[in-house]
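Asker: This is a predicted model, with the sequence first.
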Amino acid sequence: MTDLDAAIAQRLASIPQRRDRVFAVCEMVKEATGSVPSIDKIRDIIGSGSKTDIHKDRQLYLAQTAGRQARLLELPEIPETFVHSLEALARGLWEQVATDAKVAFDAERQEWTRRIEAAEQGRADAEKVADITFKEREDAIAARDQAQAERDEARGRAAELERQLALGTQELAAVRETAAAEKRELTLALDAAQYAEQLQQRQVATLESRIADLARRLDDGKVLEMAALTRAGKLESELARAQGRIEELQRQRVATSQEIDRGTVRRSPPTAGAAALKRRLAR
């Protein structure tokens, strides 16, 4: 912040009205730079107010300033007739007044010279500030253009993303439809597989029941086989005994026949055991 900015801020702190603030800014900037600031500059300094109101206040300040300057220019010079008529009387007084006026004019000229130098310095500072402000404005414009370009690029990217999102949504809908169809097919296949599995389970249960029945029948056959083998063993034993008995009877018959031939043995009726043996052998 420059000395001019600090001085303006300090003075504006005690001025509440907008028009008075505009007048104060115009006066201080004009004293420092030699020119009245623009509407935008005034608005930037006071920080509030519309451009229309500031324009009206600025125009009023210019009108009042022009009126003061016109009144200063209209001050009349010393009339020549008055000088001639009072020359003798007023020469000494006029010279004294002229001397005092010259002293005052020199002092005032020095003051104005100082103020002009200060104004020139302030103007230089203001120009420097203006250059800085202009550069800041250019930077702001460049930043705004960059932000606009970035915003346009972001909008383009957003539009592209929206387009890709729409395509993705369509693809997702197609994938979901395909997945739903595949799910229905898999459901039908699963139902068929479950039915086939249940059928197989029933067939397996039937086969297991048949196998169990065959196993029971096989066990029963083995039991019958063992009983038959046992029966066959008994029959073989009885057959062997019968064969031995037959052989014994044959030997007895042979012996009896021999005795009969010799006339020493009488025939006797067959015994009950022999009759039973004959019946068993006849079977």
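Answerer: Sure, I can see it. These numbers were taken from a predicted model, which means no experiment stands behind them.

Asker: Show me the helices in the stretch 1-150 of the chain, by range?
Answerer: For the stretch 1-150 of the chain, applying DSSP state H, counting those that start in this stretch gives helices covering 3-12, 18-33, 39-46, 51-73, 80-262.

Asker: What is the shortest one packed up against?
Answerer: For helix 39-46, the elements it packs on are helix 3-12, helix 18-33, helix 51-73, judged by 3 or more Cβ pairs under 8 Å, 6 or more residues apart in numbering; DSSP states H and E. In short, each C-beta sits where N, CA and C put it, glycine included.

Asker: could I get the ones you listed as TSV with mean neighbour count, mean pLDDT and distance to residue 192?
Answerer: As requested, the helices and strands packed on helix 39-46 are exported to TSV (neighbours: other Cβ atoms under 10 Å; pLDDT from 0 to 100; distance: least, Cβ to Cβ, whole Å):
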stretch	mean neighbour count	mean pLDDT	distance to residue 192
helix 3-12	14	88	90
helix 18-33	19	92	90
helix 51-73	13	84	83
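
Asker: that older thread, so which of the helices of the stretch 1-150 of the chain has the densest surroundings on average?
Answerer: helix 18-33 (a mean of 19; mean count of other Cβ atoms under 10 Å).

Asker: which ones are touching residue 47?
Answerer: Listed by Cβ atoms under 8 Å, 6 or more residues apart in numbering, the contact set of residue 47 is empty.

Asker: Now distance to residue 279 too, for the helices of the stretch 1-150 of the chain, in CSV please.
Answerer: Converted to CSV, the helices of the stretch 1-150 of the chain look like this (distance: least, Cβ to Cβ, whole Å):
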stretch, distance to residue 279
helix 3-12, 156
helix 18-33, 158
helix 39-46, 152
helix 51-73, 153
helix 80-262, 11
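
Asker: averaging pLDDT over each of the ones you listed, which comes out lowest?
Answerer: Among these, helix 80-262 has the lowest mean pLDDT, at a mean of 77.

Asker: That one versus helix 39-46: what angle between them?
Answerer: Using axes from the mean of the first three to the mean of the last three Cα atoms, to 10 degrees, the inter-axis angle of helix 80-262 relative to helix 39-46 is 70 degrees.

Asker: looking just at contacts, which helices and strands does helix 80-262 meet?
Answerer: Checking 3+ Cβ pairs under 8 Å, 6+ apart, helix 80-262 ends up next to helix 3-12, helix 18-33, helix 272-282.

Asker: how about those, which one is nearest residue 152?
Answerer: With Cβ to Cβ as the criterion, residue 152 lies closest to helix 3-12 of those, at 36.9 Å.

Asker: Could you list every helix and strand in contact with the closest one?
Answerer: Looks like helix 3-12 contacts helix 18-33, helix 39-46, helix 80-262 (3+ Cβ pairs under 8 Å, 6+ apart).

Asker: Which one, of the ones you listed, ends up nearest to residue 67?
Answerer: Of all the helices and strands packed on helix 3-12, it is helix 18-33 that lies closest to residue 67, at 13.8 Å by Cβ to Cβ.

Asker: Contacts for that closest one, please.
Answerer: 4, 7-8, 11-12, 15, 35-37, 41-42, 45-46, 48-49, 53-54, 57-58, 60-61, 115, 118-119, 122-123, 125-127.

Asker: change it to 7 Å
Answerer: Applying Cβ atoms under 7 Å, 6 or more residues apart in numbering, the contact partners of helix 18-33 are 4, 7-8, 11-12, 15, 36-37, 42, 45-46, 49, 53-54, 57-58, 61, 115, 119, 122-123, 126.

Asker: Alpha carbons of it, in CSV - could you do that?
Answerer: This file holds the C-alpha atoms of helix 18-33, laid out as CSV (Å, rounded to 0.1, in the frame of the first residue of the first chain):
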residue,chain,number,x,y,z
ARG,A,18,-20.9,8.3,-0.2
ARG,A,19,-20.8,11.7,-1.9
ASP,A,20,-18.4,13.1,0.6
ARG,A,21,-16.2,10.0,0.2
VAL,A,22,-16.2,10.4,-3.6
PHE,A,23,-15.3,14.1,-3.2
ALA,A,24,-12.5,13.3,-0.8
VAL,A,25,-11.0,10.6,-3.1
CYS,A,26,-11.3,12.9,-6.2
GLU,A,27,-9.6,15.8,-4.3
MET,A,28,-6.7,13.7,-2.8
VAL,A,29,-6.0,11.9,-6.1
LYS,A,30,-6.1,15.1,-8.1
GLU,A,31,-3.7,16.8,-5.7
ALA,A,32,-1.4,13.8,-5.9
THR,A,33,-1.6,13.0,-9.7
